[in-house]
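Student: Predicted model follows, preceded by the sequence.
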Amino acid sequence: MLFWIGMGAFVVTYAYSLGLNSVHGPGPGLMPFIVGLLLCLVSLYLLVSGLMKKDAVGETHKGEEKRGNLGAISLVVGSLIAYALLMERLGFLITTPLLLMALFLGSGARKWRFIVFTSILTSLIVYFAFTYLRIRLPAGIFRF
Amino acid sequence: MDLFSGILLGFKVALQPVNLFYCFAGCCIGTLIGVLPGIGPVGAMSILLPMTFGLSPATAIIMLAGIFYGAMYGGSTTSIMVNIPGEPSSVITCLDGYQMARRGRVGPALGISALGSFIGGTFSLIGLLFLVFPLAQAALQFGPPEFFAIICGSMVLLIYLSRGSAGKAFVMILVGLLLGTVGIDSISGVTRFNFGSPYLLDGIDFIPLAMGLFGISEVLENLEETGERTIFKSKLKNLLPNLEDWKRSIGPILRGTVIGFFGGILPGAGPVTATFLSYTIEKKISKDPGRFGQGAIEGVAGPETANNAATGGSFVPVLALGIPPNVIMAFLLGALIIHGVAPGPLLISRHPEIFWGVMASMYVGNCVLLLLNLPLIGFWVKILKIPYRVLMPMILLFCIIGSYSINNNATDVIVMVLFGVVGYILRKFDYEAAPLMVAYILGPMLERAFRKSLVLSDGKLNIFMERRIAAVILVISALLLVHSGYSSYRKFKSKRVPRQKA
């Protein structure tokens, strides 16, 4: 909730600097200004009602939730970002098998032969299928 | 154009081989998506949208709509067979559908849900035809203040009808509105919220946003579940319900059609709310409510009909006003805009081929799905056995290709992944991404209507009160908002009182 209040406050000041009114009527900052203001108010309401509920019902169950599979999630997110950064430089056919291998690992597959084989095969099929459909994928260092 | 020649035109468009093929493809993909848990219709539509760029707008919308109602059919199959709803709208089918399956009545359960869906879909299309014209006619008289009021009203309904906390839905709508303002302001040309980045000048593209919030974050959430699914093993026989089943189901199907159709029109959870409502009503008016939850066929027939009837209903505001009542429709609207078709009351007269073609193809699609589902149920059940860890990398790969291929820009991929993480965090804190998405699409329309109205009135806000229609809608919305705040306050108070006594 504090995050939303902060964001709302930021939006309000930023929108104010854009100018609420112009010569021709309402300016570009007017709507963001109103929305930011509402965001502050609603999140303040959520914060207060959340605090009061805590008083009444005792500890909420937040934080007790299972932590999730943080390792797998960060592996997946990390490899996706790395892929996006590298795909145009190295090309689809090099980066995609690597990405798929990382993703298979993240999803809990453990058979190496299966992982390597499927990753390479899928990348090849997808590349040629999409190129055939005239969707351009980055060729990178292979140019053909 | 009169009704008859319109319908004729529609079927002419829908039965063109290209459109027939894409309608069929959309239905197949939709059913597949519905069967597979872990990716919903919105995620699937955003992945496939880039592939429709080469098609004509009518064909593209036909295919995307096919995915939507295909997913409705497919979702019910998994509910009945494995007790895992493929889509939120088939959650309620689990209650009685799975119980029917356990009692050896898989066939009738699947059969009645497919037939009920067909009946509901067909009738809601007829309803759509009769409602869209008067509404679009009326909407031609609307000026910016009326549109502003209608958009405000539909957002308030989104909040009022949201399943979770109303306050959280409100926050999501506001954030969606803000995301919609990023980029160059269409009226004054000033850049807003781009923080010096040239990428953000064009605003946040809606495909990476949708894929991130609905595709990637769903995958991330599913990574947590490692449990294997057990599939109900039973021989499929007697797909057709018997006479006794029909006698029990005909009432729920008819009521489900009406509930679904009107539920679909209202902004908010749309099909999902309609299924819950239908189930509750059937249970209330049943002579023998104890049978519900024990495999009552009424509990399958009603909700399954309602969710398909809602499909037709939710097209009403989109085609007549250009205002989407739920995420999927917001997505279809976004697709129309990308294809260069301006939505709004003029859609019917300017692009009759799209309007009538989509209508007719929905009917064709319903027939295709009936043919596709009854004989192929065994096949869909086999698909369920593909382990998720094999699917997950493929889903992500298609998301990446989809978001990359819109502009051939790797930044889109990064934006998508970031929104995926944001969406995942929001899910963890019980925020729904759906209102955000709808508000993101409605935001620019809202702002344009608002500022145009103020220009009309020389900056005086009372223009919204002088226009009668606008005033009525705004007052009703304000009352709804106050009521939802008040009822949550009362709930909170009633929780508090016994606590103090104890």
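Tutor: Sure, I can see it.
Student: doesn't B:Ile173 make contact with B:Ser162?
Tutor: No: using C-beta atoms under 8 Å as the test, B:Ser162 is too far from B:Ile173 to be in contact (9.4 Å). In short, each C-beta sits where N, CA and C put it, glycine included.
Student: what's the overlap in contacts for the two?
Tutor: Common contact partners of B:Ser162 and B:Ile173 (C-beta atoms under 8 Å, 6 or more residues apart in numbering or on different chains): B:Pro435.
Student: which of these two has more neighbours?
Tutor: B:Ile173 (26 against 22; other C-beta atoms under 10 Å in any protein chain shown).
Student: these two touch, right, that one and B:Leu158?
Tutor: Yes: if you go by C-beta under 8 Å, B:Ile173 and B:Leu158 touch, sitting 6.5 Å apart.
Student: Please enumerate the shared neighbours of the two.
Tutor: Common neighbours of B:Ile173 and B:Leu158 (C-beta under 8 Å, 6+ apart) are B:Pro435, B:Val438, B:Ala439.
Student: any idea how far the last one is from chain A?
Tutor: Going back to what we said before, that points to B:Ala439. For B:Ala439, the distance to chain A equals 10 Å [C-beta to the nearest C-beta, to the nearest Å].
Student: Provide a list of residues in contact with that residue.
Tutor: Neighbouring residues of B:Ala439 by C-beta under 8 Å, 6+ apart: B:Met155, B:Leu158, B:Met172, B:Ile173, B:Leu174, B:Val175, B:Gly176, B:Leu177, B:Gly180.
Student: so it, which of the three states?
Tutor: helix (DSSP: H, G, I helix; E, B strand; the rest coil).
Student: What's the first helix or strand after the host helix or strand of B:Arg248?
Tutor: Taking DSSP states H and E as the definition, one finds B:Arg248 inside helix B:243-265. Next helix or strand after helix B:243-265 toward the C-terminus (DSSP H and E): helix B:271-285.
Student: what about that following helix, distance to the chain center?
Tutor: The chain centre lies 18 Å from the centre of helix B:271-285; the measure is C-alpha atoms, centre = their mean, to the nearest Å.
Student: Spatially central residue in chain B, please.
Tutor: B:Ile328 (3.5 Å; C-alpha atoms, centre = their mean).
Student: If we ignore the residues flanking it in sequence, what's nearest it?
Tutor: Leaving aside its chain neighbours, B:Ile328 sits nearest to B:Phe68 (5.4 Å; criterion: C-beta to C-beta, 6 or more residues apart in numbering or on different chains).
Student: gap between the one you found and B:Gly30?
Tutor: 6 Å (C-beta to C-beta, to the nearest Å).
Student: and those two? which has more neighbours close in?
Tutor: More neighbours surround B:Gly30 than the other of B:Phe68 and B:Gly30, with 30 against 27 (other C-beta under 10 Å).
Student: circling back: mind putting the shared contacts of B:Ile173 and B:Leu158 in TSV, pLDDT included?
Tutor: Below are the shared contacts of B:Ile173 and B:Leu158 laid out as TSV (pLDDT from 0 to 100):
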residue	pLDDT
B:Pro435	83
B:Val438	83
B:Ala439	86
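Student: what's the closest of those to B:Ser453?
Tutor: B:Ala439 (19.0 Å; C-beta to C-beta).
Student: for the lengthiest helix in chain A, which positions count as buried?
Tutor: The single longest helix within chain A, with elements called by DSSP state H, is helix A:30-57. Neighbour counts over helix A:30-57 (16 or more other C-beta atoms under 10 Å in any protein chain shown) mark A:30-40, A:42-43, A:45-46, A:49 as buried.
Student: who are the neighbours of that helix, in terms of helices and strands?
Tutor: Applying 3 or more C-beta pairs under 8 Å, 6 or more residues apart in numbering or on different chains; DSSP states H and E, one finds that helix A:30-57 contacts helix A:2-18, helix B:166-181, helix B:433-456, helix B:468-501.
Student: sec struct for the residue nearest to B:Ile328, please.
Tutor: Assigned by three-state DSSP, the conformation of B:Phe68 is helix.
Student: residue contacts, it?
Tutor: B:Gly30, B:Pro41, B:Met45, B:Thr311, B:Ile328, B:Leu332 are the contacts of B:Phe68 under C-beta under 8 Å, 6+ apart.
Student: For chain A, state which of those is nearest.
Tutor: Nearest to chain A, judged by C-beta to the nearest C-beta, of those is B:Met45 at 17.1 Å.
Student: residue contacts, that closest one?
Tutor: By C-beta under 8 Å, 6+ apart, B:Met45 lies in contact with B:Leu64, B:Ile67, B:Phe68, B:Ala210, B:Ile328, B:Phe331, B:Leu332, B:Ala335.
Student: What is the nearest of those to A:Leu121?
Tutor: Nearest to A:Leu121 among these: B:Ile67, at 26.8 Å, using C-beta to C-beta.
Student: separation between B:Val175 and chain A?
Tutor: Using C-beta to the nearest C-beta, one obtains 7 Å as the distance from B:Val175 to chain A.
Student: do you know how far that residue is from B:Met211?
Tutor: Remark: distance between B:Val175 and B:Met211 (C-beta to C-beta) = 18 Å.
Student: So between the two, which is more surrounded?
Tutor: B:Met211 (32 against 24).
Student: what sits against that one?
Tutor: The contact partners of B:Met211, by C-beta under 8 Å, 6+ apart, come to B:Gly43, B:Ser46, B:Ile47, B:Cys399, B:Gly402, B:Ser403, B:Met416, B:Phe419, B:Gly420.
Student: how about these, which pair is most distant?
Tutor: Largest separation among the contacts of B:Met211 by C-beta to C-beta: B:Ile47 and B:Phe419, giving 14.5 Å.
Student: What's the ChimeraX line that selects buried ones from the contacts of B:Ala439?
Tutor: In ChimeraX, a selection of the buried entries from these looks like this (16+ other C-beta under 10 Å):
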select /B:155,158,172,173,174,175,176,177,180
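Student: The contacts of B:Ala439 into a markdown table, with extra columns for distance to B:Pro343 and pLDDT?
Tutor: Below are the contacts of B:Ala439 laid out as a markdown table (distance: C-beta to C-beta, whole Å; pLDDT from 0 to 100):
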| residue | distance to B:Pro343 | pLDDT |
| --- | --- | --- |
| B:Met155 | 17 | 84 |
| B:Leu158 | 18 | 79 |
| B:Met172 | 23 | 85 |
| B:Ile173 | 20 | 85 |
| B:Leu174 | 23 | 86 |
| B:Val175 | 23 | 85 |
| B:Gly176 | 18 | 85 |
| B:Leu177 | 18 | 85 |
| B:Gly180 | 15 | 81 |
